[in-house]
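1. need the 3D shape of this:
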Amino acid sequence: MEQNTTLSTPLNRITLLDALRGFSLLGVILMHMLQQFSIFSFSPDMRRPLFPEFDATIQWIGENIIMGRFINIFAFLFGLSFFIQLDRAAKKGIDFRQRFIWRMVVMLAIGLVGNMFYGGEIISLYAVFGGILVLLYRVKSGVLIIVVTLLLIGTPRIIQVSYTNYIKTEQVDNSSQKVTTQTQAAQRATEVTKPSFINAVKHNFTQGLAGKLNYQFGLFGRGYLTFALFLVGLIVGRSGFFERQQSTGKLLAFFISFVAIVLLINYIASLFPNFSYRSLARGETINIWTGLSLMTLNDIKIVAFSGAIVMGFTLLYQHHAFSKYLDIFSPYGRMGLTNYEMQSVIGCLIFSMWAFGPFFQTWGTTELFFLGIFIYIAQLLFSAFWLNKYLYGPLEWFLRTATYLKMQPFKRKKLD
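-> Next up is the predicted model:
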């Protein structure tokens with residue numbers, strides 16, 4: 001396994017992390033397919049599912065096994081990769097922080113281009129968080145753990161609820177929400193009656209952007225959870241956990257601990273009365289703290305679920321009998337940025353009414369799920385083919401070249 005854990009050059013990487021990143025992006029595309037890449041231009045009346053008996057099962061898998069779990073791993077790996085880049089540079093006597101900030105500016109530009117196709121893209125958000133990570137790079141791990149804890153228990157959400165004071169502003173909030181809903185409905189009507197790429201881009205940078213920011217930093221606070229995982233990646237990177245092979249017992253103990261947390265939270269949540277998150281979002285005051293508690297428990301459960309996946313994957317990867325199969329995901333992970341943006345473009349083409357939406361609107365949940373698997377396999381084969389000829393994926397090479405403001409080697413030498 002020594003060949004899989006060296007940290008020297010781009011050609012001698014921690015392939016476990018590449019495989020894990022590739023695996024996480026499988027979950028990402030499957031969930032985005034079930035969510036129709038947030039386009040929702042399909043008419044429910046037009047659906048003619050071929051396997052309606054499986055749709056409910058696939059939807060349950062998406063909501064209870066995939067949603068939030070795999071994108072968490074992707075975020076964690078970003079924080080971990082951030083540390084590895086700066087640590088490698090530091091070992092060479094180079095302070096990479098200023099150049100990394102510029103790297104995030106370039107990545108922000110890539111994300112904004114991706115936002116033209118998929119309004120829910122997260123690369124631009126990652127770029128902003130990456131810049132903040134630079135400021136926290138030298139902060140002690142103990143302090144970072146406190147910050148992570150505050151984010152995981154939903155502190156920003158609690159502050160928001162307290163500050164906005166739903167009881168006093170319920171009427172204003174509801175009227176504002178009504179106007180927003182009417183605006184969004186009008187926008188969607190325009191997309192259906194006058195579908196075009198230009199109208200889709202306008203929506204993604206107006207109502208779509210507002211909705212994304214609200215989801216990331218509003219009541220649901222997805223962005224705060226993402227940033228917490230960035231910090232966890234930084235902390236784990238400092239520990240050198242993935243730089244060396246861990247004992248089976250240690251990995252198994254972590255895996256069991258994460259699973260136990262998930263089961264415990266499921267039990268605790270079952271003790272609470274039934275609660276509608278929509279009522280909390282509408283500013284209703286009944287059981288508001290019950291809702292906040294359940295949201296916090298759910299966030300922690302999803303993070304623990306993601307941790308169990310990481311530990312389970314790592315445990316299998318460290319055994320040669322499994323690693324040779326799990327390494328299949330590595331090419332996809334090495335081209336993670338390129339493949340993520342390709343997912344957005346493909347999703348846009350599939351679900352937009354100005355493209356292939358009229359055809360795919362008849363497909364059911366099960367068909368879209370397996371279409372996502374097909375797209376992933378196609379990307380995986382393309383990634384393996386590409387990396388046989390080139391050192392980096394197209395966007396990875398562009399990001400690297402723009403980072404150093406100097407043309408970087410791209411094509412593999414015949415001796416490689």
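
2. please look at residue 195 and residue 351 and confirm they touch.
-> No - using Cβ atoms under 8 Å, residue 195 is not in contact with residue 351, being 11.0 Å away. The C-beta positions use only the backbone N, C-alpha and C, and glycine is treated the same way.

3. these two: which has the busier surroundings?
-> Of the pair residue 195 and residue 351, residue 351 is the one with more neighbours under other Cβ atoms under 10 Å, namely 25 against 16.

4. for residue 70, see how far away the residue lying closest to the more buried one once chain neighbours are set aside is.
-> Of all residues beyond its chain neighbours, the one nearest residue 351 is residue 39 (4.1 Å), with distances taken as Cβ to Cβ, 6 or more residues apart in numbering. Note on residue 39: its distance to residue 70, by Cβ to Cβ, to the nearest Å, is 20 Å.

5. and those two? Which one has more around it.
-> Legend: neighbour count by other Cβ under 10 Å for residue 39 and residue 70, higher for residue 39 (25 against 22).

6. contacts only, for that one.
-> 200, 347-348, 351-352, 357 (Cβ atoms under 8 Å, 6 or more residues apart in numbering).

7. skipping adjacent residues, who's closest to residue 303 in space?
-> When the adjacent residues along the chain are set aside, residue 303 lies closest to residue 72, with 6.1 Å between them (Cβ to Cβ, 6+ apart).

8. got a list of what that neighbour touches?
-> Applying Cβ under 8 Å, 6+ apart, one finds that residue 72 lies in contact with 225-226, 229, 302-303, 306.

9. can I get those residues in JSON lines including distance to residue 147, pLDDT and secondary structure?
-> Shown next, in JSON lines, are the contacts of residue 72 (distance: Cβ to Cβ, whole Å; pLDDT from 0 to 100; DSSP: H, G, I helix; E, B strand; the rest coil):
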{"residue": "225", "distance to residue 147": "13", "pLDDT": "97", "secondary structure": "helix"}
{"residue": "226", "distance to residue 147": "13", "pLDDT": "97", "secondary structure": "helix"}
{"residue": "229", "distance to residue 147": "12", "pLDDT": "98", "secondary structure": "helix"}
{"residue": "302", "distance to residue 147": "19", "pLDDT": "97", "secondary structure": "helix"}
{"residue": "303", "distance to residue 147": "15", "pLDDT": "98", "secondary structure": "helix"}
{"residue": "306", "distance to residue 147": "19", "pLDDT": "98", "secondary structure": "helix"}
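
10. now these as TSV including distance to residue 293 and neighbour count?
-> Shown next, in TSV, are these (distance: Cβ to Cβ, whole Å; neighbours: other Cβ atoms under 10 Å):
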residue	distance to residue 293	neighbour count
225	16	22
226	21	22
229	21	25
302	15	18
303	16	23
306	21	25
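
11. picking up where we left off before, against residue 228, how distant is the residue nearest to residue 303?
-> 10 Å.

12. can you check residue 335 too?
-> Residue 335 is 27 Å from residue 228, by Cβ to Cβ.

13. for the two, indicate the residue with more neighbours.
-> Neighbours per residue (other Cβ under 10 Å) separate residue 335 from residue 228, with residue 335 holding more: 29 against 25.

14. okay, now the residue nearest to residue 389 when sequence neighbours are not counted: neighbour count?
-> The spatial neighbour of residue 389 that comes closest, neighbours along the chain excluded (Cβ to Cβ, 6+ apart), is residue 412 at 5.9 Å. Neighbours of residue 412 under the rule other Cβ under 10 Å: 14.

15. measure residue 412 to residue 398 for me?
-> 17 Å.

16. which secondary structure elements does whichever strand or helix holds residue 113 contact?
-> Using DSSP states H and E, residue 113 maps to helix 97-115. Applying 3 or more Cβ pairs under 8 Å, 6 or more residues apart in numbering; DSSP states H and E, one finds that helix 97-115 makes contact with helix 69-91, helix 123-136, helix 336-351, helix 394-404.

17. show residues contacting that helix.
-> 82, 85-86, 121-128, 130-131, 134, 137, 204-205, 208-209, 337, 340-341, 344, 395, 398-399, 402-404.

18. tell me which residues touch residue 252, please.
-> Going by Cβ under 8 Å, 6+ apart, residue 252 touches residue 315.

19. is it fair to say it lies in a helix?
-> Yes - residue state for residue 252 (DSSP: H, G, I helix; E, B strand; the rest coil) corresponds to a helix.

20. before we move on, back to that, who's in contact with the residue nearest to residue 389?
-> 388-391.

21. neighbour count and distance to residue 236 for the residues you listed - can I get that in TSV?
-> What follows is the contacts of residue 412, written out as TSV (neighbours: other Cβ atoms under 10 Å; distance: Cβ to Cβ, whole Å):
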residue	neighbour count	distance to residue 236
388	10	31
389	10	33
390	16	30
391	19	27
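
22. on that earlier part again, from the contacts of helix 97-115, keep the buried residues only.
-> 82, 85-86, 121-127, 130-131, 134, 137, 204, 208, 337, 340-341, 344, 395, 398-399, 402-403 (16 or more other Cβ atoms under 10 Å).
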